[in-house]
Structure formats: C-alpha cells, structure tokens
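Q: missing the sequence, but the structure's below:
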C-alpha cells in the first residue's frame with residue numbers, strides 16, 4: 001500500500017500544442033502510453049458507497065489491478081491509499097464479492113519525470129481520451145502532477161509555472177467520478 005498524492009488540472013484540448021511546447025517539458029524525455037481501464041463495482045455500487053474504487057488497467061500486454069480508497073480532494077490536490085497488483089487478465093482477482101464492469105476510460109498518456117535541484121521528483125502526465133458508460137461518453141483532457149519525492153508545495157509551484165504558459169483549471173473530479181456521473 002502507498003499514499004498517492006497528485007494535483008489534477010483540466011486543460012482545454014485547444015491548448016494541448018501550447019502545453020507541449022512548454023520549456024519545462026522540453027528539458028526531459030516524454031514517454032507515451034495507451035491506457036485502457038475498466039472500473040468495477042457490485043450491482044448495488046457497494047464499493048462506491050464504501051468509498052473504494054476498483055480498476056483494472058491494461059498497459060501494453062500487462063494488466064494491473066488497482067484499489068483506491070475514498071478520494072480527499074482539496075484545491076485539486078488528491079490524496080488516497082492505493083494498492084496495485086499485476087494480474088492475468090481484465091477480470092479482477094478479488095473473490096470477496098461479485099463485481100460488474102461499470103464504465104471504461106480509454107486514453108493516451110504522455111509522461112514526463114521531472115527532477116529538481118531540491119530533490120523533488122514529480123511525474124507529470126497529460127491524459128487525452130474519453131470516459132464511456134453505457135451509450136454515453138465524455139472527452140477526457142487533463143494534466144496530473146504526482147508527487148514522487150519532496151513536498152506538496154512543489155506540486156503547486158510546478159502547476160503555477162505551467163499555468164503561466166497555458167490555461168489550466170484545478171480539477172477535483174477523478175476519472176472514476178466522471179464515469180459514475182455518466183451512469
């Protein structure tokens with residue numbers, strides 16, 4: 001188990017090129033991944049009501065099962081407990097309750113690992129794609145700054161540097177919240 005700490009920012013897709021031209025991003029290598037995610041719950045949404053999220057993510061040929069606790073979001077800063085385990089397929093290996101696929105997210109992730117002179121490390125990602133539930137979908141376009149080492153203040157400092165170059169809005173909704181909203 002680990003504590004995930006990240007700052008979520010919404011970006012209008014018309015500003016993506018401007019974002020990608022930011023000098024901060026030019027100083028490090030970008031890794032691009034296509035991520036497909038299935039979110040599960042019981043038919044009565046017991047996990048949601050208990051403040052737990054269950055996701056299975058495909059990265060290349062690997063499947064990663066992730067369980068997260070209730071999200072505490074203040075000013076776009078999200079902190080929650082997280083458990084991850086590699087599994088064999090898109091079906092969760094969690095036999096304590098029946099689960100149903102509820103919605104999916106399908107997006108491309110561009111990732112930069114930023115390392116600063118003060119020892120801070122931040123994973124900066126740009127996610128672009130969509131969230132789908134039933135026959136409905138919404139576009140997904142967001143920037144995440146995940147703290148790997150250092151202080152939370154560094155997340156806000158980097159966000160301010162980015163916001164000087166491109167309009168970004170603090171985002172309190174998670175991808176899972178967007179999926180549940182579609183339901």
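A: Ah, there it is. Note that the coordinates shown come from a computational prediction; the quantities given were computed from them, not determined experimentally.
Q: need the contact list for residue 139.
A: 13, 129, 130 (CB atoms under 8 Å, 6 or more residues apart in numbering). Yep, even glycine has a C-beta here, placed from its N, CA and C like the rest.
Q: what of residue 106?
A: 35, 36, 37, 129, 130, 132.
Q: quick one: buried residues of the helix or strand where the first one lies?
A: Spelled out, that is residue 35. Residue 35 belongs to strand 30-41 when assigned by DSSP states H and E. Buried residues in strand 30-41, counted by 16 or more other CB atoms under 10 Å: 35, 37, 38, 39, 40, 41.
Q: got these as TSV, with distance to residue 175 and pLDDT columns?
A: Listed next are these as TSV, based on distance: CB to CB, whole Å; pLDDT from 0 to 100:
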residue	distance to residue 175	pLDDT
35	10	92
37	7	93
38	12	93
39	8	90
40	14	89
41	14	87
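Q: does residue 180 touch residue 103 like I think?
A: Yes - using CB atoms under 8 Å, residue 180 makes contact with residue 103 at a distance of 7.4 Å.
Q: neighbour-wise, which of the two wins?
A: Higher neighbour count among residue 180 and residue 103: residue 103, with 23 against 19, using other CB atoms under 10 Å.
Q: can you pull the contacts of that one?
A: Applying CB under 8 Å, 6+ apart, the residues contacting residue 103 are 38, 39, 131, 132, 133, 134, 179, 180, 182, 183.
Q: returning to that earlier point: give the buried residues for the very next helix or strand once past the strand holding residue 35.
A: Downstream of strand 30-41, the first helix or strand assigned by DSSP H and E is helix 46-49. By neighbour count on 16+ other CB under 10 Å, the buried set for helix 46-49 is 47, 48.
Q: helices or strands next to helix 46-49 in the packing?
A: Packed against helix 46-49 by the contact rule (3 or more CB pairs under 8 Å, 6 or more residues apart in numbering; DSSP states H and E) you find strand 30-41.
Q: 10 Å instead?
A: strand 30-41, strand 53-59, helix 175-182 (3 or more CB pairs under 10 Å, 6 or more residues apart in numbering; DSSP states H and E).
Q: so for residue 18, which of the ones you listed sits nearest?
A: strand 30-41 (15.5 Å; CB to CB).
Q: okay, residue 136 and residue 106: tell me how far apart.
A: 14 Å (CB to CB, to the nearest Å).
Q: tell me the spacing between residue 129 and residue 9.
A: The value you get for residue 129 to residue 9, if CB to CB is used, is 16 Å.
Q: scratch that, residue 25 is what I was asking about
A: Taking CB to CB, one finds residue 25 at 14 Å from residue 9.
Q: overlap of the contact sets of these two?
A: Here residue 25 and residue 9 have 126, 162 as joint contacts, going by CB atoms under 10 Å, 6 or more residues apart in numbering.
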